[in-house]
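A.B. asks: quick check, what structure comes out for this input:
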Amino acid sequence: MAVKRTVALRYAGSDTALEVAEDGEVEDVRERFAAAHRVRFGYVREAEIEIAAGRVEVVVERVAPVLPARATGALPAPRRVQAMWTGGALREGVPVWGMEEVPAGAVVEGPALLLDAHASVVVDVGWRAGMSDDGVLRVERVGPGSGTGTGTGTGTGEREADAVSVAVHANLYMSIAGQMGTVLERTAVSTNIRERRDFSCALFDAHGGLVANAPHIPVHLGAMGETIRSLLAAHPAPPPGTVYATNHPAAGGSHLPDVTVITPVHDAAGRLLYILANRGHHADVGGLTPGSMPPTSRTLADEGVALEHLPIVVAGRLQRDAILGAFTAGPHPARRPLDNLADLEAQIAANHAGARLVAAAMGRTSPATFLAHMAHVQAQAAALVARAVAALPAGTRRFADALDDGAPIVVTVTATGERLAIDFTGSAPAHAGNLNAPRAVTMAAVIYVVRALVGAPIPLNAGCLAAVDVVIPPGSILDPPPGAAVVAGNVETSQRIVDVLLGALGLAAASQGTMNNLTLGGADWAYYETIGGGAGATPHAPGASAVHTHMTNTRITDAEVLEARFPVRVERFAIRRGSGGDGRHRGGDGVVRTLRLLAPAEVALVTERRTRPPFGLDGGAPGARGHDLLDGALLPGRAHVRAPAGATITVETPGGGGCGAPPPKSQAARDAD
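C.D. replies: Next comes the predicted model:
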């Protein structure tokens, strides 16, 4: 019998605990935790460590059972034969065996089928299956594959990759990005990142082309490519061991709370191979209001600290002083710079995890194969988008809508063969307030809509824009001059861009058209959330209710977490019944959310669709407008108020527009009216 004592430790402010041996002095336990954290996440922090749990485990040794060896012998005759599509053709007489019928040492040449009670194994043309003594089936490739691509599929870049290898690598790239996101979520301090998952992770090629992403935040993912290209323009040969942080709109940023961490990765000779990046919404980066979402900002400086390709790691060493210096500088510095530092460390760790996963993937195949497929998946996306564009009705369509203050967002879409032209000429000039959408955000909205045209599970990547020509007037609300305020453009104007694009293409009525941004804060705390609403109906289906739509894909913080960490109580969170527009397909309903303040707080609201309802399509009715209330009194769509303890904030979010004329009412229904 053996007794094992362990303790689960975590950094204060983090939810991720690591279990280490408890024996020895306190300093020994601390060192074990630091070593485990470095192995798991690639870094350690200068922060307090707290005990999450303790465990005592008593182990009694038992003799392991001896499993019978699998019988050997010759492969029996198949139980039957059948037709199977393989190698690009329908083949008759393909043998079928039960898995239990294959003896140890037997080899099954493809094409063949192996069946058991829970699974079917297809041994394709050019593949071979062998059964080991311990009953493990191993399948290996021994000849030309059965992909449906036109090339021979070497995967080295010398010839066109086959469809199977492209699909495998596309999912591999997305998996790496997804695992990067898991590390970031588990190690960040900000509730926005940890609970709401307001972050995105992606893999880029050495030229800054987006290769693949996890299914995170659309407004981040399309914009990050602009950030990477801006970095490469400023630093054409970024040195190995350097990591950069950027949130400046002129460098591809979205708005200042969204900080992008970029890690160029090199080979042993110093050649840039690929780039990893992630963008996370920090709880506060300064500005006029806690949470860095000021409704009344008129310049970028009003919105907080701006970083433009700041080196935060140099030669592998964290630049702690430079980071804290940047976040405490300027007219409106960050309120909790140590939290910004902690979130940046988590973002660095996420990229480090991605680099480790890429190295492992390259070890399983080869660097040449891994890197060549970056181009292949982008080429696949380009071909699928071109095919989707070719299916659109040829011709030109113009569509216009406006923000609540009347600023027009106009798009002209022209489909010609396999090319799509998108022209935003006619949209408003640069906004005097903060509704300006940086060019990177406008492009993010475009790539989101174009990707939505493709009815196939492909990564959102740079190839999606290969068949698209985009015109954005410089100096407009969709490409403002440097120094313009942008905080609402990222979250609100981006939604309107998507609505007018989908309207021009005849694909959907307007969704709620806002992220319903609510920020609460005091001297030493800040909380930010976006609130879902109604989705617009389409010609084929009604809109979903109570969801985040289009350019946001965040969660809302669980009531239990919100109430445990902030002086706030959730009093109501419900679907706003009947707020979706009527039509042959109804728009989705919005929500009603009421929060009661348990301490005095500054309240900032950045919302849209409060005066102009979400439009319907093809005769569908518009969705209901949204409302914001303080203790029942109506607030404007963009508001900044100081509220006392006990006050209630209620947000009623818009519904989606309906699509198609509603069916005529029966006589009984008309009589009831």
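A.B. asks: quick one: low-confidence parts of the stretch 551-673 of the chain?
C.D. replies: Residues of the stretch 551-673 of the chain meeting the criterion pLDDT under 70: 666-673.
A.B. asks: how about the helices in it?
C.D. replies: Using DSSP state H, counting those that start in this stretch, the helices of the stretch 551-673 of the chain run over 559-565, 667-672.
A.B. asks: likewise the chain?
C.D. replies: 26-41, 163-187, 191-194, 218-234, 320-327, 337-364, 367-390, 439-452, 487-488, 494-504, 559-565, 667-672 (DSSP state H).
A.B. asks: what's the most buried one of these?
C.D. replies: helix 487-488 (a mean of 30; mean count of other Cβ atoms under 10 Å). All C-beta atoms are positioned from the backbone trio N, CA, C, and that covers glycine.
A.B. asks: hmm, who's touching that one?
C.D. replies: The contact list for helix 487-488 (Cβ atoms under 8 Å, 6 or more residues apart in numbering) reads 255-257, 287, 292-295, 297, 303, 433-435, 517, 606, 638.
A.B. asks: let me see the domain layout of this structure.
C.D. replies: 2-59, 97-146, 164-377, 508-673 (automatic domain parsing).
A.B. asks: now tabulate the ones you listed in CSV and tack on distance to residue 389.
C.D. replies: Conversion of these to CSV gives the following (distance: least, Cβ to Cβ, whole Å):
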stretch, distance to residue 389
domain 2-59, 42
domain 97-146, 30
domain 164-377, 18
domain 508-673, 17
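A.B. asks: to residue 458, which of the ones you listed lies closest?
C.D. replies: Checking the domains of the chain against residue 458 by Cβ to Cβ gives domain 164-377 as the closest, at 6.6 Å.
A.B. asks: chain center to that closest one, what's the gap?
C.D. replies: Centroid separation for domain 164-377 versus its chain: 12 Å, with Cα atoms, centre = their mean, to the nearest Å.
A.B. asks: of the domains of the chain, which is nearest residue 485?
C.D. replies: Among these, domain 164-377 comes nearest to residue 485, with 4.3 Å by Cβ to Cβ.
A.B. asks: may I see the buried residues of stretch 262-280?
C.D. replies: For stretch 262-280, a neighbour-count test (16 or more other Cβ atoms under 10 Å) marks 262-266, 272-280 as buried.
A.B. asks: so of those, which ones are in strands?
C.D. replies: Judged by DSSP state E, the subset of the buried residues of stretch 262-280 located in strands is 262-266, 272-280.
A.B. asks: could you check how far residue 660 is from residue 510?
C.D. replies: The gap separating residue 660 from residue 510 is 14 Å, by Cβ to Cβ, to the nearest Å.
A.B. asks: okay, the two: which has more neighbours?
C.D. replies: Remark: of residue 660 and residue 510, residue 510 carries more neighbours, 36 against 20, as counted by other Cβ atoms under 10 Å.
A.B. asks: so, low pLDDT: which residues of the stretch 51-200 of the chain?
C.D. replies: Within the stretch 51-200 of the chain, the set of residues satisfying pLDDT under 70 comprises 65, 67, 144-161.
A.B. asks: quick one: the strands in it, in order.
C.D. replies: Secondary structure of the stretch 51-200 of the chain (DSSP state E, counting those that start in this stretch): strands at 80-86, 89-98, 107-109, 112-115, 120-123, 127-131, 137-141, 199-205.
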